[in-house]
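Undergrad: Build me a model from this:
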Amino acid sequence: MTTAGTSSSRPIRAWRGRFLTLLALLGGLATQPGLAWATDTALPTPPAQCMGLQAEPQLEITLMFGMRRPNDGRRINRHEWNAFMREVVTPRFPAGLTVLRGDGQWQNRTSGQIGREPSRIVWIVTPPAPDLQTRLETIRQTYRTRFAQQSVGLVVTASCAAF
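TA: Below you'll find the model as predicted:
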């Protein structure tokens, strides 16, 4: 890092090198079955690295849900959340998932204001699959529609997992 009043191109070169490496990795990701749609959000994990851990290449999926309705501020209650999980999420990922409670922060796309609200994070570890994008988009769209949300956050990361 540079300090105030000094300049150095070394951090910029290092960042640029990492960025170019990342682009090269992402380019190769598009050829992996089930991952082609996720080229902006996932990095490939070498199978040899997973084997060394006695693990399998998997995807970590993080879905982020706001728990307040933006139109009236009412909280999405436990019954509504549990029904959504039971009807929409669990049938698409029956092998397992984890739900975490959190405090979310987001920026309103229209007004630019920073908002805060209770949130839920659904963490899923799953193998790549041809229908993965469809399952995730169905979950996200159903939540947006059912609870009048602007968005549902999604992060997909390639990883190794052993259970």
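Undergrad: Show me what secondary structure element comes after the helix or strand of the chain with the lowest mean pLDDT.
TA: Every helix and strand of the chain was ranked by mean pLDDT, DSSP states H and E. The lowest is helix 10-29, at a mean of 38. In the C-terminal direction, the helix or strand that comes right after helix 10-29 (DSSP states H and E) is helix 47-52.
Undergrad: Are there helices or strands packed against that next one, and which ones?
TA: Using 3 or more CB pairs under 8 Å, 6 or more residues apart in numbering; DSSP states H and E as the contact test, the elements touching helix 47-52 are strand 56-66. Where C-beta positions appear, they are placed from N, C-alpha and C, glycine not excepted.
Undergrad: Please identify the buried residues of the strand it packs on?
TA: Glu56, Pro57, Gln58, Leu59, Glu60, Ile61, Leu63, Met64, Phe65, Gly66 (16 or more other CB atoms under 10 Å).
Undergrad: Check stretch 129-149 too.
TA: So for stretch 129-149, counting by 16+ other CB under 10 Å, buried means Leu132, Arg135, Leu136, Ile139, Arg140, Tyr143, Phe147, Gln149.
Undergrad: With pLDDT and secondary structure added, can I get these in CSV?
TA: Listed next are the buried residues of stretch 129-149 as CSV, based on pLDDT from 0 to 100; DSSP: H, G, I helix; E, B strand; the rest coil:
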residue, pLDDT, secondary structure
Leu132, 98, helix
Arg135, 98, helix
Leu136, 99, helix
Ile139, 99, helix
Arg140, 99, helix
Tyr143, 99, helix
Phe147, 97, coil
Gln149, 93, coil
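Undergrad: Of those residues, which pair is most distant in space?
TA: The largest separation in the buried residues of stretch 129-149, counting by CB to CB, is between Leu132 and Phe147 at 23.0 Å.
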